[in-house]
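S.K.: Need a 3D model of the sequence below.
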Amino acid sequence: MYLRSFVIGSSLLVFLPFFLAINTHSAWLSKYIAALDPEKRNYSFSQYAFIAPLFLGVSNMISLYFALQYEWSITTRYLWTSVTVPKFVILYVYFANLYKFNYTDWFIYSCLLFTVHFIVWNVVVAYLERNLPT
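M.R.: Below you'll find the predicted structure:
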């Protein structure tokens, strides 16, 4: 059950929106959203491509643990996850100094992160959890 959650959380369908936002080929988007500018990153794409799927998979496993402990529905589970996980990401990114952001960039980055996580957890992951066989 936990392995299934890890595999779903780290799958390409879940990771793809984050991959596209961070990918160097999306530099055209950074013209409009300064927070996505590759020049403001203090990490390599290969580091991100390795760590992000692991983090998403473990996050899905942790959400399953809490859902089983507190008897949450899938909707409650992923609403909680979509609010909690981006907070940890923002804290980690901030204290690890992974971006060279000003206040406005941090605000835009946080809004984008919460929006993407909300869609990924409540649409993509919830759909996969409901419809993939156990």
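S.K.: quick check: mean pLDDT across stretch 15-35?
M.R.: Computed over stretch 15-35, the mean pLDDT rounds to 69.
S.K.: ugh, wrong one, I meant stretch 63-70
M.R.: Averaging pLDDT along stretch 63-70 yields 98.
S.K.: what packs against the longest helix belonging to the chain?
M.R.: The longest helix of the chain (DSSP state H) is helix 45-70. Helices and strands touching helix 45-70, by 3 or more CB pairs under 8 Å, 6 or more residues apart in numbering; DSSP states H and E, are helix 2-9, helix 12-22, helix 74-95. The C-beta positions use only the backbone N, C-alpha and C, and glycine is treated the same way.
S.K.: Which of the ones you listed has the lowest mean pLDDT?
M.R.: Mean pLDDT values for these show the minimum at helix 12-22, a mean of 87.
S.K.: got the angle between that helix and helix 74-95?
M.R.: For helix 12-22 against helix 74-95, the angle by axes from the mean of the first three to the mean of the last three CA atoms, to 10 degrees is 30 degrees.
S.K.: tell me the angle helix 12-22 makes with helix 2-9.
M.R.: Orientation check (the same axes, to 10 degrees): helix 12-22 against helix 2-9 gives 40 degrees.
S.K.: Helix 12-22 vs helix 45-70, what angle?
M.R.: Going by the same axes, to 10 degrees, helix 12-22 makes 130 degrees with helix 45-70.
S.K.: roughly how far is helix 12-22 from the heart of the chain?
M.R.: Distance of helix 12-22 from its chain centroid, counting by CA atoms, centre = their mean, to the nearest Å, is 8 Å.
S.K.: how about Thr75, what does it touch?
M.R.: With contact set as CB atoms under 8 Å, 6 or more residues apart in numbering, Thr75 has these partners: 122, 126.
S.K.: State the distance from it to Leu54.
M.R.: Using CB to CB, to the nearest Å, one gets 26 Å for the distance from Thr75 to Leu54.
S.K.: Check Phe45 too.
M.R.: On the measure of CB to CB, Phe45 and Leu54 end up 15 Å apart.
S.K.: now do Ser10
M.R.: Taken as CB to CB, the span from Ser10 to Leu54 is 6 Å.
S.K.: Out of the two, name the residue with the larger neighbour count.
M.R.: Ser10 (19 against 12; other CB atoms under 10 Å).
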